[in-house]
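1. build the 3D model from these lines:
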Amino acid sequence: MAEVIVPAREARTMEVKKGQTLEIVDLEGQQVGDFTAWLASDPDEYLSPSHTVSSNGRLVPEVGDSILSNHRRPLFKIVRDDVGRHDLVVPCCDPERYAIDYDAPDHGSCLLSLQKATEGMDLPLRGEMCWNVFMNNQIEDGQIVTYEPPHPAGSTIAMEVLEDMIVALSACPQDISAVNAFNPTPMALRTSD
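-> Numbering: from 1, shown residues only. Next up is the predicted model:
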């Protein structure tokens, strides 16, 4: 088993191989992770939340569903999910979100954390490429409403890796809204053969 700890408010990368199991673990509970991935052989093919929603026909992926690339290639298959709440609609937080919506232009963001973690790796990266793992967004009367995540420490989503990839995870720094119960904490990426 290999493990990468993702400190609160930061991001980390990991290489994963076809046939492995990848786990995203919330170490302390109530934390959201912004996750993305690129094909090792062609980083212009990457995890696409919108293609995943379109092909699966649902807003929240379930056990047995695939997470797809921008070319609709299955990249991961969910094999276990302790939480069952995720967001594939909202892009990851970015400097503009904090400046415009929260009047906090100097606040850290998942996009900045992911950019720092992938610096020098020549990978395309935009906020809409990220999957908000464990994010407790609900659709109510056509509105997206964010609630505190109810899941406890150790909550995990496990996925079969279907291609050799580079993955990245940001332990979301949002502490102004309920996204992380106002208290960002660390996460982990774990692989096993």
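
2. which residue ranges form the strands in the chain?
-> 2-6, 11-16, 21-26, 33-39, 66-68, 74-81, 86-87, 131-133, 137-140, 143-146, 156-161, 165-171, 187-192 (DSSP state E).

3. between those, which one is nearest to Asn180?
-> strand 165-171 (8.4 Å; C-beta to C-beta). Backbone N, C-alpha and C define where each C-beta goes, glycine included.

4. list the helices and strands the closest one packs on?
-> strand 2-6, strand 11-16, strand 33-39, helix 110-117, strand 187-192 (3 or more C-beta pairs under 8 Å, 6 or more residues apart in numbering; DSSP states H and E).

5. so which bits of the second one are buried?
-> By neighbour count with 16 or more other C-beta atoms under 10 Å, strand 11-16 contains the buried residues Ala11, Arg12, Thr13, Met14, Val16.

6. if we can go back for a sec, export the strands of the chain to CSV and append columns for mean pLDDT and distance to Val53.
-> Formatted as CSV, the strands of the chain follow (pLDDT from 0 to 100; distance: least, C-beta to C-beta, whole Å):
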stretch, mean pLDDT, distance to Val53
strand 2-6, 98, 25
strand 11-16, 98, 23
strand 21-26, 98, 19
strand 33-39, 98, 15
strand 66-68, 98, 9
strand 74-81, 98, 14
strand 86-87, 96, 10
strand 131-133, 98, 10
strand 137-140, 93, 12
strand 143-146, 94, 14
strand 156-161, 98, 17
strand 165-171, 98, 20
strand 187-192, 98, 23
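
7. reformat the ones you listed as TSV; add distance to Ser177.
-> What follows is the strands of the chain, written out as TSV (distance: least, C-beta to C-beta, whole Å):
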stretch	distance to Ser177
strand 2-6	20
strand 11-16	19
strand 21-26	18
strand 33-39	14
strand 66-68	25
strand 74-81	24
strand 86-87	13
strand 131-133	13
strand 137-140	11
strand 143-146	6
strand 156-161	22
strand 165-171	16
strand 187-192	18
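
8. quick one, what contacts Asn132?
-> By C-beta atoms under 8 Å, 6 or more residues apart in numbering, the residues touching Asn132 are Val32, Gly33, Asp34, His86, Asp87, Leu88, Val90, Cys92, Cys172.

9. at 6 Å instead, please
-> Val32, Asp34, Asp87 (C-beta atoms under 6 Å, 6 or more residues apart in numbering).

10. cool, Lys77 as well?
-> Shown in contact with Lys77 (C-beta under 6 Å, 6+ apart): Ser66, Glu160.

11. from Ile144, how far off is the residue lying closest to Glu128 once chain neighbours are set aside?
-> Using C-beta to C-beta, 6 or more residues apart in numbering and skipping residues adjacent in sequence, the residue nearest Glu128 is Pro91, 4.5 Å away. With distances taken as C-beta to C-beta, to the nearest Å, Pro91 is found 12 Å from Ile144.

12. of these two, which one has the most company?
-> Legend: neighbour count by other C-beta atoms under 10 Å for Pro91 and Ile144, higher for Pro91 (17 against 11).

13. circling back to that earlier point, can you redo the buried residues of strand 11-16 as a markdown table, where the extra columns are distance to Leu75?
-> Below are those laid out as a markdown table (distance: C-beta to C-beta, whole Å):
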| residue | distance to Leu75 |
| --- | --- |
| Ala11 | 19 |
| Arg12 | 18 |
| Thr13 | 15 |
| Met14 | 14 |
| Val16 | 10 |
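
14. thank you kindly, that will do.
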